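**Q** Sharing a sequence plus its predicted fold:
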Amino acid sequence: MRLALLSLLTIVLLPTPGNAQAPVFKTTPKDSSIKFFVKASVSLVGKFEKWDASLKFNSSDVTTGVLDIKIAAATVNTGSGMKDQKLKSKDFFDVEQSPSITFHSTKVVQTGPESFDVLGNFSIRGVSKPETLKLTVSGKGTGTGSIKGSMAFDRKDYGMTSGIPFVKIADPVQVDVDLKVEQVSGPRLVYKQ
């Protein structure tokens, strides 16, 4: 009986070939950035000082990746205190009611040797909609590298219909991500050629 129980535990606890360990990556925030750009009569470019990003995989197939980004909206930095305060207000990010801006990927499509469309749910100021982050990777197969890309969305779709005094602002907002990543465990990712 004891031998049978030991054998059962061994089978359950040891990984099987079909259940191999998946690659695990970590991001290096100090070498990474999340920025945004809005076409305006006065330059409206900024970045976020605090955010977190994770990249997890279900297997070594690169299209099984799940990208999660969580941004502290109140850490917006345009270099102008007046613009920052306006962006934090209920007219834009509404940081009091919605302190986080998030992106959670739902599907990864490899579009080229080093390019991907990452479809996901983007949430800002309590509104969530599907958006696509277009990414390119560098350092493929080395365990370290960068993920760079951009996503464009219409601010009015998320309830940001106001303007900034004396500044004419366009509706499209471009978000640029530049994430430095390092593989910490698991097998190397497999890309389609």
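**A** Good, I have the coordinates.
**Q** For the rest of this, base every contact and every neighbour count on C-alpha atoms.
**A** OK.
**Q** Would you mind measuring from the residue nearest in space to the middle of the chain to residue 79?
**A** Centroid-nearest residue in the chain: residue 69, 3.7 Å away (criterion: C-alpha atoms, centre = their mean). Residue 69 sits 23 Å away from residue 79, going by C-alpha to C-alpha, to the nearest Å.
**Q** mind checking the backbone torsions on the spatially closest residue to the residue nearest to the centre of the chain that is not a sequence neighbour?
**A** Among residues not flanking residue 69 along the chain, residue 53 sits closest, at 4.3 Å (C-alpha to C-alpha, 6 or more residues apart in numbering). Note on residue 53: its backbone torsions stand at phi -140, psi 140 [degrees, to the nearest 10].
**Q** Please enumerate the strands of the chain.
**A** 24-27, 33-40, 44-48, 51-57, 65-72, 76-77, 100-110, 115-124, 127-138, 144-154, 169-185 (DSSP state E).
**Q** Show me what the last one is packed against.
**A** So that's strand 169-185. Using 3 or more C-alpha pairs under 8 Å, 6 or more residues apart in numbering; DSSP states H and E, the elements in contact with strand 169-185 are strand 24-27, strand 33-40, strand 144-154.
**Q** sorry, back to before: would you mind putting the strands of the chain into CSV with mean pLDDT and distance to residue 92 alongside?
**A** Converted to CSV, these look like this (pLDDT from 0 to 100; distance: least, C-alpha to C-alpha, whole Å):
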stretch, mean pLDDT, distance to residue 92
strand 24-27, 90, 28
strand 33-40, 94, 13
strand 44-48, 95, 13
strand 51-57, 93, 18
strand 65-72, 96, 14
strand 76-77, 97, 11
strand 100-110, 97, 12
strand 115-124, 98, 9
strand 127-138, 97, 12
strand 144-154, 95, 12
strand 169-185, 94, 12
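**Q** Any chance of TSV for those, columns distance to residue 87?
**A** Output for the strands of the chain, formatted as TSV (distance: least, C-alpha to C-alpha, whole Å):
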stretch	distance to residue 87
strand 24-27	27
strand 33-40	12
strand 44-48	10
strand 51-57	17
strand 65-72	13
strand 76-77	8
strand 100-110	13
strand 115-124	12
strand 127-138	16
strand 144-154	15
strand 169-185	12
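**Q** nearest to residue 193, of those?
**A** With C-alpha to C-alpha, the closest approach to residue 193 among these belongs to strand 100-110: 9.6 Å.
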